[in-house]
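Undergrad: give the three-dimensional model of this entry:
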Amino acid sequence: MPKKKKIKYKELIPIGPPRLTIFERARIIGVRAVQIDYGALPFIEVDKQMSSIEIAKKELEEGILPLSIKRKLAFKEDYPPIPVKWLVEAEKEDLIVDL
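TA: Numbers count the residues shown, from 1 in each chain. Next comes the predicted model:
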């Protein structure tokens, strides 16, 4: 059985740091928490005592949100949106250390 080729998410990100910035992270969690407050169904199993912000954080950590980040530079070409999953996975790649 052939080996699956491992995707290097850091190479797929065309602009900016290969991870979510604190501002992007805050915006995503805030937007998703508002969606949940207004009745959107969560993508994960939740406990009754979990707040909408806790649910949004957990969804972000698991990389299952169908959202994208649009990054741009002044006076430069337009870059395609970057899926949040790529940024979360690229951040996890930084944590992997081969010994």
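Undergrad: quick check, distance from stretch 53-64 to the centre of its chain.
TA: Here the centre of mass of C-alpha atoms in stretch 53-64, compared against the chain's by CA atoms, centre = their mean, to the nearest Å, lies 9 Å away.
Undergrad: who touches that stretch?
TA: The contact list for stretch 53-64, computed with CB atoms under 8 Å, 6 or more residues apart in numbering, reads 25, 28-30, 32-33, 36, 42-44, 46, 50, 65, 84-85, 88-89. Any C-beta I mention is one placed from the backbone N, CA and C, and that applies to glycine too.
Undergrad: and what of stretch 69-78?
TA: 15-16, 20, 24, 28, 79, 81-82, 84, 87.
Undergrad: again, 10 Å this time
TA: 13-17, 20-21, 24, 27-28, 79-84, 86-87 (CB atoms under 10 Å, 6 or more residues apart in numbering).
Undergrad: got any ranges where the chain has weak pLDDT?
TA: Counting by pLDDT under 70, the chain contains low-confidence ranges at 1-5, 96-99.
Undergrad: buried ones among the contacts of stretch 69-78?
TA: Using 16 or more other CB atoms under 10 Å as the burial test, the contacts of stretch 69-78 include 13, 16, 20, 24, 28, 82-84, 86-87 as buried.
Undergrad: tell me which two in the residues you listed are the farthest apart.
TA: In terms of CB to CB, the buried ones among the contacts of stretch 69-78 reach their longest pairwise distance at 13 and 28, which sit 15.6 Å apart.
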